[in-house]
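Novice: Could you work out the structure for the sequence below:
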Amino acid sequence: MVADTKMYDVLGVPPTADEGQLKSAYRKGALKFHPDKHREPAKKEEAEHKFKELSHAYDILSDPQKRQIYDQYGEEGLEQGGGGGGMAAEDLFAQFFGGGGGGGPFGSMFGGGGPSRPQGPMKAKTIIHVHKVSLEDIYKGKVSKLALQKSVICPKCSGLGGKDGAVKKCNGCDGRGVKTMMRQMGPMIQRFQTVCPDCNGDGEIIKDKDRCKQCNGKKTIVERKVLHVHVDRGVRSGTKIEFRGEGDQIPGAEPGDVVFEIEQKPHTRFERRDDDLYYQADIDLLTALGGGKLNIEHLDDRWITIEIIPGEVIAPNSIKVVRGQGMPSYRHHDFGNLYIQFNVKFPEHLGSEENPFTPEKVAMLESILPPRVEPTAIPADAMTDDSLVLEELDPTREQARMRSALDDDDEEMGGGERVQCATQ
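Specialist: Just a heads-up that it's a prediction; the model follows:
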């Protein structure tokens, strides 16, 4: 037996109704009595009254603690009881009809919608920092000491904001920090929330003389904290390093977290691709043909020497690999490969005034290099012109020539009659 069945009668359910029946009854009633569905003032006012009764009843019966108190003692017993375990009518309404941000058809009833109640204990927001790290530090690993400022509970007032008993709940907003206002918009009534002007959104009132001298009533102070961030070998950009509970503190909530997101800095000599490294090497033509050595300064300050075997021709833009000289893999510390792309520098000339390029030197090259590829044979009856000479390309001259050719084309096209298309 229950002490009072009024709330059940409003929803139209028996006192034995379960959570699903309560939700279904509220949904049907919300559709039937929502004020926005009625245009006549009298019916609109009546519907708004019934809708409020419906929402109030669901708020009580959907909360197991409130429902238990109501069943035993009625509405009067709720003045000393209460709880927060059930789903608010506004939250359920948004769930049924797509509320939130005013997107649903009835969003104006709850001030354009809003975030649903947070589940679980409150927690301060997470502080996220981007930690830029050089490729050398990622290769070798390091520990970075990073300082940050965070809010901590005031040690003088223990987060009360003043001496014991000095902090009072704001009567203007009942401690919520916001007030619900209503305004007429044509045939509709919109409810919206605004910051309480009495407490400036704090939900509490503290007299100036009773404020904590250290935090000035703010309940928290700013503290400098140094965290040791371990950058593991081979870590990749985007990896997040978390420090749980090292973020901001606010009264009545769990401390927030601090997250450092690794961002690899660009490197002047190496390009990283996963666990592999890519290196651009410039070598001369003699080394490419006759062999030699290539010295590379690695990321751990050591120098490695690459042997180019004589006669093993290095073609321009060819890529060779050195196994095991790439990046260490994250937490496994196996090594990737080092890929070297060769840029062969050809000499501008093979002779000078002091040391001209003679037929004897051509003969020496012919004795070393593979034979020439014979040119395409010219037919016996073909006309020939052997007076042509190669010249160095002048980019500026070529661009001017192209612009001149384009101007000539424009003049030729502009000589005819132009037809303009009319928009229908």
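
Novice: can you list the domains in the protein?
Specialist: Using automatic domain parsing, the domains assigned to the chain come out as 6-110, 121-162+215-266, 168-205, 270-345.

Novice: Strands of the stretch 301-424 of the chain, residue ranges please.
Specialist: 303-308, 319-322, 338-345 (DSSP state E, counting those that start in this stretch).

Novice: again, but for the stretch 101-250 of the chain
Specialist: Secondary structure of the stretch 101-250 of the chain (DSSP E, counting those that start in this stretch): strands at 127-133, 142-153, 168-169, 178-185, 188-195, 204-205, 220-231, 240-243.

Novice: Of all those strands, which one comes closest to residue 360?
Specialist: strand 127-133 (58.2 Å; Cβ to Cβ). Where C-beta positions appear, they are placed from N, C-alpha and C, glycine not excepted.

Novice: Can I get the closest one in PDB, CA atoms only?
Specialist: C-alpha atoms of strand 127-133 as PDB (Å, rounded to 0.1, in the frame of the first residue of the first chain):
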ATOM      1  CA  ILE A 127      44.000  19.700 -19.100                       C
ATOM      2  CA  ILE A 128      45.600  18.800 -22.500                       C
ATOM      3  CA  HIS A 129      49.000  20.000 -23.500                       C
ATOM      4  CA  VAL A 130      51.000  19.400 -26.800                       C
ATOM      5  CA  HIS A 131      54.500  18.300 -26.000                       C
ATOM      6  CA  LYS A 132      56.800  18.900 -29.000                       C
ATOM      7  CA  VAL A 133      59.800  16.600 -29.100                       C
END
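
Novice: Quick check: buried residues in that strand?
Specialist: Neighbour-count burial for strand 127-133, with 16 or more other Cβ atoms under 10 Å as criterion, is recorded at 127, 131, 133.

Novice: Stretch 319-331 too?
Specialist: 325-328.

Novice: Could you do stretch 140-153 as well?
Specialist: 148, 150-153.

Novice: any idea of the mean pLDDT in that stretch?
Specialist: Averaged over stretch 140-153, pLDDT sits at 91.

Novice: For it, give me every contacting residue.
Specialist: 124, 127, 129, 131, 133, 159, 219-233, 246-251, 258, 260, 299-300 (Cβ atoms under 8 Å, 6 or more residues apart in numbering).

Novice: who touches the nearest residue to residue 236 once chain neighbours are set aside in this structure?
Specialist: Nearest non-adjacent residue to residue 236, counting by Cβ to Cβ, 6 or more residues apart in numbering: residue 330, 6.3 Å away. Residue 330 is in contact with 232-236, 239, counting by Cβ under 8 Å, 6+ apart.

Novice: Are any of those residues buried, and if so which?
Specialist: 233-235, 239.

Novice: Reformat those residues as CSV; add pLDDT and distance to residue 375.
Specialist: As requested, the buried ones among the contacts of residue 330 are arranged in CSV below (pLDDT from 0 to 100; distance: Cβ to Cβ, whole Å):
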residue, pLDDT, distance to residue 375
233, 93, 57
234, 93, 54
235, 93, 57
239, 93, 59
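
Novice: rewinding a little: can you tell me which of the contacts of residue 330 lies closest to residue 383?
Specialist: residue 236 (65.3 Å).

Novice: Does the closest one touch residue 262 like I think?
Specialist: Yes - at 7.2 Å, residue 236 and residue 262 qualify as touching, with contact defined as Cβ atoms under 8 Å.

Novice: Helices of the stretch 51-200 of the chain, start to end?
Specialist: Counting by DSSP state H, counting those that start in this stretch, the stretch 51-200 of the chain has helices at residues 64-73, 75-78, 89-97, 135-140.
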